[in-house]
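Colleague: Any chance you can model this:
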Amino acid sequence: MAGLIKRADIDEVRERTDIKEIVQEYVSLKSAGIGSYKGLCPFHDERTPSFHVRPQMGSFHCFGCGESGDVIAFLMQMNSTSFAETVEYLAGRVGVTLHYEDGGSGPSKEQVGRRQRLLDAHKVAEEFFRKQLQTPEAQTAREELTSRGFSAEHAEQFGVGYAPQGWDNLLRLMRNRGFTEDELKETGLFSEGQRGIYDRFRGRLIWPIRDLTGATIGFGARKLYEDDPGPKYLNTPETAIYKKSQVLYGVDLARREIAKKKQLVVVEGYTDVMACHLAGVTTAVATCGTAFGADHIKVARRLLSDFGSGGEVVFTFDGDEAGQKAALRAFREDQRFVAQTFIAVGPDGMDPCDVRQKRGDEALREVLEHKTPLFEFALKAELKRHNLGTVEGRVSAMRAAAPIIASMRDSAMRPAYIREVAGWLGMEVAEVRRAVAQAGRGGQHGPGGQGPYQQVSAQRGSGGRGMQPHVNGSPHGFSGEPGSPSAPAGVNISDPATKIEWDALEVVIQNPHLIDADAWSKFFETRFLTPAHAAIKDAIVVAASMQVSTAVWVETIREQVPEPLAALVSQMAVAPLPASNEDELRRYCKGIVNRLLAMQVNRQKADLAAELQRVASDNPERVDQLHRQLLELEMERRKYQSGAL
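Modeller: Below is the predicted model of the structure:
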């Protein structure tokens, strides 16, 4: 068995790994002050960013759900891997050679982490499929691509391949590469029958499906031959690394452009993604064999940094009945976005790939430019369900439309839609306005629960809008803006003395390099009255004595405190400080430390003054000594107060 990884090597992995670079593969981050970044938490659904990363300290903390730690802890959570597996992955990424205790030599191929073995298998499979596309047997596959307007270069760009006919072409290769039977069964690349496992994908065009990091985690396959009894499209089944409700095809190519342009275009197929990207719409992604749902939205919102205004999500659907239903399903999820949602339908109901092939790149871009707000589309779809040629039908339509308008996030848009609906129905604006107001008060629930509003309303009532839980009556469990301190039980930061201790710990944890030797010496002697703060201060003293590097400074402190306080250390390590530049930061840190030391001096003065009251008048020598000490302490206090330290 492999021994434990040596601590020095683990620390070197931490030092060489940029936590911001790793986190950005999953979350879009924005600046949150000097050396600090924030984004939507990947561990819970939220509408306001409470997830903070401080690269210099190698730490993250979510003020919403409390998840915190270093880059190793982050990847363990995101990828469901063990500590050793995560360290081994990062070591390979940053070029650190690991050494093991007790003469161990690290994992063999058979012992390597489960997730990594699955990723390795998919990498081998992707290379195999891509090579097969060049073989004579793949002529039909190449013709299919050509017929859709794609060249060999396009196929190479998107990693398109071909799964040859036959039952064990890929299977034999995988066995030769050393994969065990159990590993192969877990990949999703094989089906199992009475005689054992066999290739799942046979005689099909193949698209690699990748995660945010660009690692291949599954495949989508299109049928090519009439004698294939399977469905037109066949995807990888659910595996440890492939969750179809969370996967977006093309996200590896689009994620940076999505964050940059604040736009996400959702199309229906693999060739639609290819067509969009080749036409210059580089924010396009597609779901993989399932409808665009709540889990996809969580991924999309993190990519969009969907906590401000100005972003947009554009859905493209076919103009047929199935496309209409898909659009309405998307509308039901609209309330989960802060970004504006739109729908774009191609001319004559053509999908994006058809538009590009038949009318060109510019025509495809124009389709997306002439998008319609999803609310408008949903309203018109609801009105079509009623007979507008009769008074009864128009009244019924108005009652069905009213809850939809009342549910709009942007209340400033409601008057405009009220006027629109009144015009479409030929009714008085005041009449429609009254219906919307009544619906907003809960007096109208639509026609028999059949319209799209009912599902939106149900989500709202069950917390389906991504609202954060309230703790102690406050979002995120603290008062004020996200990133404000959230105190554990027994810590009353409304008390001025406790708050000074808290602020000083934040400063020392985040900026130890700004604390000079004299201040450090005084800090070591300072007595913290809050038990949690005292435990963290003691851990800081131990970490300082170990002379660790900045990259492992926070993690060393976390290891020294009782487990319940580890998250609090991470929180203090990433909490935004009130400074907009380095000079302000330096002054703030110095000021906070001076306030802490001045408070310590005041406590010492109070102790001496109490003793002075108790000293007998017949002990003049002790009285003089106490007076001198009080004078010295007062001079020291004034020095701190003036900022001289």
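
Colleague: show me what contacts the closest residue to Ala575 other than its chain neighbours?
Modeller: Counting by Cβ to Cβ, 6 or more residues apart in numbering, Ala575 lies nearest to Glu506, which is 5.4 Å off, once chain neighbours are set aside. (Each C-beta comes from the backbone N, C-alpha and C, glycine too.) Taking Cβ atoms under 8 Å, 6 or more residues apart in numbering, we find Glu506 in contact with Met572, Ala575, Leu577, Ile592.

Colleague: Quick check, the last one in contact with Lys499.
Modeller: Translated: Ile592. No. Ile592 lies out of contact with Lys499 (Cβ atoms under 8 Å); the separation is 10.2 Å.

Colleague: more neighbours, those two?
Modeller: For Ile592 versus Lys499, neighbours defined as other Cβ atoms under 10 Å are more numerous around Ile592 (20 against 16).

Colleague: Which elements pack onto the helix or strand containing that one?
Modeller: Here Ile592, judged by DSSP states H and E, is contained in helix 582-614. Other helices and strands packing on helix 582-614, by 3 or more Cβ pairs under 8 Å, 6 or more residues apart in numbering; DSSP states H and E, are helix 496-510, helix 517-525, helix 620-642.

Colleague: Return the distance of it from the chain's centre.
Modeller: Offset of helix 582-614 from its chain centre (Cα atoms, centre = their mean, to the nearest Å): 41 Å.

Colleague: Pull up the gap between the residue nearest to Ala575 and Gly389, please.
Modeller: Applying Cβ to Cβ, to the nearest Å, the value for Glu506 to Gly389 is 68 Å.

Colleague: average pLDDT for whatever helix or strand Arg175 lives in?
Modeller: Using DSSP H and E, Arg175 sits within helix 169-176. Throughout helix 169-176, pLDDT has a mean value of 96.

Colleague: in the stretch 251-400 of the chain, which ranges drop under the pLDDT threshold?
Modeller: 306-310, 318-324, 326-327, 332-336, 338 (pLDDT under 70).

Colleague: Can you show me the helices along it?
Modeller: Assigned by DSSP state H, counting those that start in this stretch, the helices in the stretch 251-400 of the chain fall at 251-261, 270-278, 294-304, 321-332, 352-359, 361-369, 374-383, 391-406.

Colleague: of these, which approaches Gln139 most closely?
Modeller: Closest of the helices of the stretch 251-400 of the chain to Gln139 is helix 270-278, at 18.6 Å (criterion: Cβ to Cβ).

Colleague: Verify the contact between Phe574 and Ser59 for me.
Modeller: I think there's a mix-up here, since residue 574 is Val and not Phe. Yes. Contact criterion Cβ under 8 Å: Val574 and Ser59 qualify, at 5.6 Å.

Colleague: Show me whatever sits in contact with both of those two.
Modeller: Listed as contacting both Val574 and Ser59 by Cβ under 8 Å, 6+ apart are Val53, Ser68.

Colleague: And for the strand or helix carrying Asp120, what's in contact with it?
Modeller: Using DSSP H and E, Asp120 maps to helix 114-132. Outside helix 114-132, the residues that touch it by Cβ under 8 Å, 6+ apart are 79-81, 85, 88-89, 112, 138, 156, 159-164, 169-170, 173-174, 177, 179, 183-184, 186-187, 189, 201, 206, 208, 215-219, 239-241.

Colleague: and with 6 Å instead?
Modeller: 79, 81, 138, 161-164, 170, 173, 177, 179, 183, 187, 189, 206, 208, 215-216, 241 (Cβ atoms under 6 Å, 6 or more residues apart in numbering).

Colleague: the helices in the stretch 51-200 of the chain, which residues?
Modeller: Using DSSP H, counting those that start in this stretch, helices in the stretch 51-200 of the chain cover 71-79, 83-94, 114-132, 139-147, 152-158, 169-176, 181-187.

Colleague: could those helices go into a markdown table alongside mean neighbour count?
Modeller: What follows is the helices of the stretch 51-200 of the chain, written out as a markdown table (neighbours: other Cβ atoms under 10 Å):
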| stretch | mean neighbour count |
| --- | --- |
| helix 71-79 | 21 |
| helix 83-94 | 18 |
| helix 114-132 | 19 |
| helix 139-147 | 15 |
| helix 152-158 | 15 |
| helix 169-176 | 17 |
| helix 181-187 | 17 |
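
Colleague: Would you reformat these as CSV and include distance to Asp538?
Modeller: What follows is those, written out as CSV (distance: least, Cβ to Cβ, whole Å):
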stretch, distance to Asp538
helix 71-79, 23
helix 83-94, 25
helix 114-132, 38
helix 139-147, 65
helix 152-158, 56
helix 169-176, 54
helix 181-187, 46
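
Colleague: Mind checking these for the one nearest to Lys232?
Modeller: Closest among these, using Cβ to Cβ: helix 139-147, at 12.0 Å.

Colleague: Between the two ends of stretch 344-355, what distance do you get?
Modeller: Using Cα to Cα, to the nearest Å, the span of stretch 344-355 from its first residue to its last is 12 Å.

Colleague: For Lys243, what are phi and psi?
Modeller: phi -120, psi 110 (degrees, to the nearest 10).

Colleague: what's around the nearest residue to it once chain neighbours are set aside, how many residues?
Modeller: Once flanking residues are discounted, Lys243 sits nearest to Asp295: 7.5 Å by Cβ to Cβ, 6+ apart. Neighbour count for Asp295, taken as other Cβ under 10 Å: 15.

Colleague: buried subset of the contacts of helix 114-132?
Modeller: 79, 81, 138, 161-164, 170, 179, 183, 187, 189, 206, 208, 215-216, 241 (16 or more other Cβ atoms under 10 Å).

Colleague: Ser521 is nearest to which of the helices of the stretch 51-200 of the chain?
Modeller: Across the helices of the stretch 51-200 of the chain, closest to Ser521 is helix 71-79 (Cβ to Cβ), at 32.3 Å.

Colleague: and that closest one, what does it pack onto?
Modeller: helix 83-94 (3 or more Cβ pairs under 6 Å, 6 or more residues apart in numbering; DSSP states H and E).

Colleague: circling back to that earlier point, report the mean per-residue pLDDT for the helix holding Asp120.
Modeller: 94.

Colleague: ok, now which ones touch the residue nearest to Gly69 when sequence neighbours are not counted?
Modeller: Setting aside the residues directly before and after it, Gly69 is nearest to Ser570 in space (Cβ to Cβ, 6+ apart), at 6.0 Å. Counting by Cβ under 6 Å, 6+ apart, Ser570 makes contact with Ser59, His61, Ser68.

Colleague: Would you quantify the distance from the residue nearest to Val623 when sequence neighbours are not counted to Arg638?
Modeller: Spatial nearest neighbour of Val623, excluding adjacent residues (Cβ to Cβ, 6+ apart): Val615 at 5.6 Å. Applying Cβ to Cβ, the value for Val615 to Arg638 is 25 Å.

Colleague: picking that back up, any chance of TSV for the contacts of Ser570, columns distance to Arg409 and pLDDT?
Modeller: Formatted as TSV, these follow (distance: Cβ to Cβ, whole Å; pLDDT from 0 to 100):
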residue	distance to Arg409	pLDDT
Ser59	34	93
His61	29	93
Ser68	31	91
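
Colleague: nearest to Asp518, of the residues you listed?
Modeller: Nearest member of those to Asp518, counting by Cβ to Cβ, is Ser59, at 27.2 Å.

Colleague: pretty sure the closest one contacts Met572?
Modeller: No. The pair Ser59 / Met572 is not scored as a contact, 9.3 Å apart, by Cβ atoms under 6 Å.
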